[in-house]
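**Student:** Build me a model from this:
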Amino acid sequence: MIDSVKPPLFAFEGGDVSIFHSVNELESTLEGIDVLNGAYEAFDSEGFRLELEPRGTRQSMFVIQVGTVRVTGRGERDEASLAQHLRRHLRAVYSLEDDSWGLRDLIGEVVTRESRRGLHS
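**Tutor:** Coordinates of the predicted model:
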């Protein structure tokens, strides 16, 4: 099932977007505690939601064990939500609004602009 995940991968946390070029990169960057707390919405480039599982994560009143993340597969296809997140990001960060762009255009625009900013590998 992991073989069917198509990069680039996107993780949205609030108004922020993180872009990953592989499942390994996503798993080594996101924190399990945030997954446990439902902080991320993650998608592959085909608009499938990614199923994320926290590993080695524990939270109690006094102790937080951050843990890691594992992508366990692809969930439902939700291109509309991915496109909405990408449009929101382009509008907030770059003041760009173009409702005519399809999902491929939005992905290309976000990946290109974020690469120029040097925020993502």
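**Student:** For this structure, give the strand that spans the most residues.
**Tutor:** Criterion DSSP state E: the longest strand present in the chain is strand 68-77.
**Student:** Return the list of strands paired to it, each annotated with direction.
**Tutor:** Partner strands and pairing direction for strand 68-77 (DSSP bridges) are strand 48-55 (antiparallel).
**Student:** Could you tell me which strands whichever helix or strand comes after the partner strand is paired with, and in which direction each runs?
**Tutor:** Sequence order places strand 58-59 as the next helix or strand after strand 48-55, per DSSP states H and E. Partners of strand 58-59 in the sheet, by DSSP bridges, are strand 64-65 (antiparallel).
**Student:** now the longest strand of the chain, how far from the chain's geometric center?
**Tutor:** 11 Å (Cα atoms, centre = their mean, to the nearest Å).
**Student:** what does that strand rub up against?
**Tutor:** 1-2, 4-5, 23, 26-28, 30-32, 35, 42, 44, 46-57 (Cβ atoms under 8 Å, 6 or more residues apart in numbering). Heads up, the C-betas are built off the backbone N, CA and C, glycines and all.
**Student:** Selecting buried members of those in ChimeraX, what would you type?
**Tutor:** The ChimeraX selection below is limited to those of the contacts of strand 68-77 classed as buried (16 or more other Cβ atoms under 10 Å):
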select :5,23,26,27,30,31,32,35,42,44,47,48,49,50,51,52,54,57
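**Student:** in this structure, which spans are helices?
**Tutor:** In the chain, the helices defined using DSSP state H lie at 23-29, 32-36, 79-94, 103-117.
**Student:** Give me the contact list for the shortest one.
**Tutor:** Residues from elsewhere that reach helix 32-36, judged by Cβ under 8 Å, 6+ apart: 13, 40, 52-57, 59, 64-69.
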